[in-house]
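Asks: need a 3D model of the following:
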Amino acid sequence: VDAGRRLREKICEEDAKVIFYHSPYLRTKQTLDELIPYFSDDEILSCLEEPRICEQQIGNFQNVQQVLHAKEERAKFGRFFYRFPSGEYNKYSFGILRLVYIIMFTNCSIFNTGEAGLDVYNRVSSFIPTLVRDLDRHRRSGIDVDNLNVVIVTHGLSLRLFLMRWFQWSVACFEESQNPDNCELVTMNKRKDSEGHAWMELEENDRMNLCLPIDCSLPRNVQLHRMKNGVKPS
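Replies: The predicted model follows:
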């Protein structure tokens with residue numbers, strides 16, 4: 001409820017227009033159910049389930065001790081490249097055809113079939129062109145996309161990897177970051193300079209809460225443009 005109230009305070013303009021994307025996981029659907037009542041039907045242009053922004057997959061039939069051990073390993077190895085094991089299985093239950101299928105078509109070991117942070121990065125990256133196409137579709141229908149609000153209801157790691165892709169962080173910067181609290185709002189605002197160049201900028205409080213270096217709130221290409229041309233935001 002508090003998240004819905006805080007979101008409504010951020011999106012406070014009259015005749016606000018909002019599009020929602022949400023992970024298919026139950027807990028994100030429950031969060032979405034708390035957000036939706038703060039907006040009228042006229043304000044919500046679309047509400048779409050998006051599997052590519054779901055949580056990191058850590059394997060089926062999970063053993064609690066195995067997962068805890070894997071998380072200890074991940075803390076030493078790094079979140080971006082560490083791949084979770086697949087969980088418990090009966091090694092005698094696989095026939096030859098099943099083994100061939102796993103090896104040939106998933107291209108990974110049966111002992112490590114959970115996702116690495118890199119896998120999550122790849123799938124959230126593939127979501128961005130979909131987001132851009134949806135915005136273009138709304139623009140062609142007459143919506144002022146410069147004043148359109150996009151709300152993505154996702155998970156901590158998926159959020160940070162989405163931001164990593166959008167702002168072009170290095171792996172080292174990602175490894176320094178921390179997940180936000182549950183139901184925390186992380187906001188990117190659109191900015192324009194005097195020459196009409198536009199970009200998204202991470203709010204300063206959110207950058208600090210995510211434990212990110214100061215230069216992680218702007219896309220890399222914007223930073224390079226500023227260094228080259230000395231352009232300042234208006």
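Asks: can you name the next helix or strand after the lowest-mean-pLDDT helix or strand in the chain?
Replies: Using mean pLDDT, DSSP states H and E, the weakest-scoring helix or strand in the chain turns out to be helix 96-101, at a mean of 42. Later in the chain than helix 96-101, the nearest helix or strand by DSSP states H and E is helix 117-140.
Asks: how about that next one: buried residues?
Replies: 117, 119-121, 123-124, 127, 131, 134, 138 (16 or more other Cβ atoms under 10 Å). The C-beta positions use only the backbone N, C-alpha and C, and glycine is treated the same way.
Asks: double-check that residue 201 belongs to a strand.
Replies: Yes: assessed with DSSP: H, G, I helix; E, B strand; the rest coil, residue 201 lies in a strand.
Asks: that one and residue 186: what is the separation?
Replies: 12 Å (Cβ to Cβ, to the nearest Å).
Asks: do a quick rundown of the helices in the chain.
Replies: 2-10, 26-35, 64-77, 96-101, 117-140, 156-167, 171-176, 204-209, 220-229 (DSSP state H).
Asks: any low-confidence regions in the chain?
Replies: Under the criterion pLDDT under 70, the flagged ranges of the chain are 1, 60-62, 86-113, 223-234.
Asks: change it to 80
Replies: Residue ranges of the chain with pLDDT under 80: 1, 58-64, 66-67, 79, 84-113, 193-196, 220-234.
Asks: quick one, what contacts the residue nearest the centre of the chain?
Replies: Most central in the chain under Cα atoms, centre = their mean is residue 159, positioned 3.0 Å from the mean C-alpha point. Neighbour list for residue 159: 152, 179-180, 186 [criterion: Cβ atoms under 8 Å, 6 or more residues apart in numbering].
Asks: using ChimeraX, define a selection of the buried residues within the residues you listed.
Replies: Applied in ChimeraX, the following selects the buried portion of these according to 16+ other Cβ under 10 Å:
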select :152,179,186
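Asks: run a quick neighbour tally on residue 150.
Replies: 15 (other Cβ atoms under 10 Å).
Asks: bridged to it, which residues?
Replies: Beta-bridge partners for residue 150, by DSSP bridges, are residue 19.
Asks: separation between it and residue 200?
Replies: According to Cβ to Cβ, residue 150 and residue 200 sit 10 Å apart.
Asks: again with residue 30
Replies: Residue 30 is 27 Å from residue 200, by Cβ to Cβ.
Asks: quick one, which of the two is more surrounded?
Replies: Set side by side, residue 30 and residue 200 show more neighbours around residue 200, with 17 against 11, by other Cβ under 10 Å.
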